[in-house]
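Engineer: no sequence for this one, just the structure:
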């Protein structure tokens, strides 16, 4: 959205999601209206690394198929807002609304939920009817865009490099605000926005040659010794934090991977062995980035810290390719009659 606003500042967005409004206020400077709406179930998480399949199944049974009255109500809103396109960030609900309102739909994804649920099918997770239902909805999309790392290649209209928000301020400015010396080695520890209790914080203070930035590490900004603990929602723009670090350690997830990819820093990633996307992301890191795997137990216990000197010696990857966000923005802005758009976003 930010990349589209750069190309055409007159574009307006109607954003339907449960992602907090502050995220969009922090990410884009253009015109948008926010609508709090559950647009998909995804996979319910017990922790950042553990899924809750029984709860996922319960919510899917309550959510699918889509309530016809909800689709009609959303269709009325889309028509009143005079939306020209409906952009779907993995979420299939927007495709259904687009069909009902006769507005072209654009699907942007590196996986679809039918593909994910299909991997979990078992007697404990009898979700076959949801796989078939969602696969049918996805087939009706008008424009299909896939973003690397792609989990299942389709006959897409566009395939781009990883999509991330652009860095805004210099590494030096971020370090100054966090009282980190310019030449210090800095590690970002992140679990991708899902709350996590870090059991190894006391061990970090013994690594005095390094500084650690931890979003979600405290309710307020706390700068103590070599630790910068930040709330989940802070004035610090996450891509700027990534860019200010020498390495990132955290959950293997798309958004974090994309920001690291474009900031060119090493990635100590924690795979999610039961989540189908994780294998694809790991192969991409191995082939296109400088990274190293850390098991869940190694992360939780803090034993990965013994490898910190070697981690900090890993060089950055020199990269010249485009950001997928810019590629997608150009594609959409070249479609006819771009003025107002509705975005139906995935929930996590």
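Structural biologist: Alright, I've got the coordinates. As the structure is a prediction and not an experimental result, all values here were calculated from the model.

Engineer: My guess is residue 178 contacts residue 213. True?
Structural biologist: Yes: using CB atoms under 8 Å, residue 178 is in contact with residue 213, at 6.7 Å. (Glycine included, C-beta is placed from N, CA and C.)

Engineer: Can you get me a residue count around the residue lying closest to residue 275 once chain neighbours are set aside?
Structural biologist: Excluding the flanking residues, the one nearest residue 275 by CB to CB, 6 or more residues apart in numbering is residue 51, at 6.6 Å. Applying other CB atoms under 10 Å, we find 18 residues neighbouring residue 51.

Engineer: can you pull the pLDDT of residue 51?
Structural biologist: Per-residue confidence (pLDDT) for residue 51: 93.

Engineer: Point out where the stretch 151-300 of the chain drops to low pLDDT.
Structural biologist: In the predicted model of the stretch 151-300 of the chain, residues 195 satisfy pLDDT under 70.

Engineer: Show me the strands in it, by range?
Structural biologist: In the stretch 151-300 of the chain, the segments counted as strands under DSSP state E, counting those that start in this stretch are 158-160, 185-190, 210-215, 222-224, 227-230, 247-251, 267-270, 291-293.

Engineer: mind checking which of those is nearest residue 197?
Structural biologist: Minimum separation from residue 197 across the strands of the stretch 151-300 of the chain (CB to CB) falls at strand 210-215, 11.5 Å.

Engineer: what's next to the closest one, contact-wise?
Structural biologist: If you take CB atoms under 8 Å, 6 or more residues apart in numbering as the criterion, strand 210-215 is touched by 178, 180, 184-190, 193, 198, 201, 204, 226-232, 234, 236, 238, 241, 244-245, 308, 312.

Engineer: ok, it: who's next to it in the sheet?
Structural biologist: strand 185-190 (parallel), strand 227-230 (parallel) (DSSP bridges).

Engineer: Mean neighbour count, those: which tops it?
Structural biologist: Highest mean neighbour count among the strands paired with strand 210-215 (mean count of other CB atoms under 10 Å): strand 185-190, with a mean of 24.

Engineer: And the contacts of it?
Structural biologist: With CB under 8 Å, 6+ apart, strand 185-190 has contacts from 175, 180, 198, 209-217, 238, 241-242, 244-251, 256, 308, 311-312.

Engineer: How about the contacts made by the residue nearest to residue 275?
Structural biologist: Neighbour list for residue 51: 43-45, 272, 274-275 [criterion: CB under 8 Å, 6+ apart].

Engineer: before we move on, back to that, looking at residue 178 and residue 213, which one has more neighbours?
Structural biologist: residue 213 (25 against 18).

Engineer: Check the gap between the more buried one and residue 205 for me.
Structural biologist: The span separating residue 213 from residue 205 equals 14 Å under the rule CB to CB, to the nearest Å.

Engineer: picking that back up, quick one: which of the strands paired with strand 210-215 is nearest residue 316?
Structural biologist: Among these, the nearest to residue 316 by CB to CB is strand 185-190 (12.7 Å).

Engineer: re the thing from before, give me the buried entries from the contacts of strand 185-190.
Structural biologist: Restricting these to buried positions leaves 175, 180, 198, 210-217, 238, 241-242, 244-251, 256, 308, 311-312, with burial counted as 16 or more other CB atoms under 10 Å.

Engineer: Now do the helices in the stretch 1-150 of the chain.
Structural biologist: Along the stretch 1-150 of the chain, the segments classed as helices by DSSP state H, counting those that start in this stretch run 2-7, 21-27, 53-63, 68-80, 93-101, 113-120, 128-138.

Engineer: can you redo these as CSV with distance to residue 297 and mean neighbour count?
Structural biologist: Output for these, formatted as CSV (distance: least, CB to CB, whole Å; neighbours: other CB atoms under 10 Å):
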stretch, distance to residue 297, mean neighbour count
helix 2-7, 38, 18
helix 21-27, 31, 15
helix 53-63, 21, 15
helix 68-80, 43, 15
helix 93-101, 37, 23
helix 113-120, 23, 20
helix 128-138, 32, 17
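
Engineer: can you put the ones you listed in JSON lines and add distance to residue 324?
Structural biologist: Formatted as JSON lines, those follow (distance: least, CB to CB, whole Å):
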{"stretch": "helix 2-7", "distance to residue 324": "9"}
{"stretch": "helix 21-27", "distance to residue 324": "15"}
{"stretch": "helix 53-63", "distance to residue 324": "28"}
{"stretch": "helix 68-80", "distance to residue 324": "26"}
{"stretch": "helix 93-101", "distance to residue 324": "19"}
{"stretch": "helix 113-120", "distance to residue 324": "19"}
{"stretch": "helix 128-138", "distance to residue 324": "20"}
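
Engineer: Indicate which one of those helices is closest to residue 336.
Structural biologist: Proximity to residue 336 (CB to CB) singles out helix 2-7 among the helices of the stretch 1-150 of the chain, at 14.8 Å.

Engineer: list the helices and strands the closest one packs on?
Structural biologist: helix 324-333 (3 or more CB pairs under 8 Å, 6 or more residues apart in numbering; DSSP states H and E).

Engineer: out of the contacts of residue 51, which is most surrounded?
Structural biologist: Busiest of the contacts of residue 51 [other CB under 10 Å] is residue 272, holding 22 neighbours.

Engineer: what's that residue in contact with, if anything?
Structural biologist: Each residue near residue 272 by CB under 8 Å, 6+ apart is listed here: 49, 51, 251-252, 278.

Engineer: repeat that with 10 Å
Structural biologist: 43, 45, 48-51, 251-253, 278-279, 281-282, 296 (CB atoms under 10 Å, 6 or more residues apart in numbering).

Engineer: I am finished for the moment; much appreciated.
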